[in-house]
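Q: Coordinates for the following, if possible.
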Amino acid sequence: MANPWAGEVELVIDGRPHVLKLTLGALAELEDGLKSGTLVELVERFETGAFSSRDVLTLILAGLRGGGWRGHADALVSVDIEGGALHAAKVAAELLARAFVVPGEVSS
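A: Residues are numbered from 1 along each chain as shown. Sure thing, here's the model as predicted:
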């Protein structure tokens, strides 16, 4: 189960729950995975609804890695995400928000 106080978000992939978290290492991987722009620009894209499916997938991958997942990015191409693409985007946005929120301001 994900702990929002620790910046964690849960995502069910292929029927199995996974805890996602943007650790410092995961954030570094996320920055490296962004083909253009910075983390600030990524946040802005999510705030304005101008994010891409690449943004969502890059965030999910970084969060999975931060949560301890050791799979490869290619494996995510054919997985079933519970709730579909819209839920994946919501989880990615929540993950990004929780990575930069001040404790005590976490939403559930």
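Q: C-alpha only now, for contacts and for neighbours.
A: Noted.
Q: C-alpha coordinates for the worst-scoring helix or strand of the chain on mean pLDDT, CSV please?
A: Ranked by mean pLDDT, DSSP states H and E, the helix or strand of the chain with the weakest confidence is helix 24-33, at a mean of 86. Written as CSV, here are the backbone C-alpha positions of helix 24-33 (Å, rounded to 0.1, in the frame of the first residue of the first chain):
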residue,chain,number,x,y,z
LEU,A,24,16.4,11.5,-6.0
GLY,A,25,17.7,8.8,-8.3
ALA,A,26,14.4,8.4,-10.0
LEU,A,27,14.2,12.2,-10.5
ALA,A,28,17.6,12.1,-12.1
GLU,A,29,16.5,9.3,-14.4
LEU,A,30,13.3,11.2,-15.1
GLU,A,31,15.3,14.3,-16.2
ASP,A,32,17.5,12.1,-18.4
GLY,A,33,14.4,10.5,-19.9
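Q: what's the following helix or strand after that helix?
A: helix 39-48 (DSSP states H and E).
Q: Buried residues of the least confident helix or strand of the chain, list them for me.
A: For helix 24-33, the neighbour count (16 or more other Cα atoms under 10 Å) marks 26, 27, 29, 30, 31, 33 as buried.
Q: which outside residues touch the longest helix along the chain?
A: Ranked by residue count, the top helix of the chain under DSSP state H comes out as helix 84-99. With contacts defined as Cα atoms under 8 Å, 6 or more residues apart in numbering, helix 84-99 is touched by 4, 7-11, 20-23, 43, 46, 53, 56, 59-60, 63, 81, 106.
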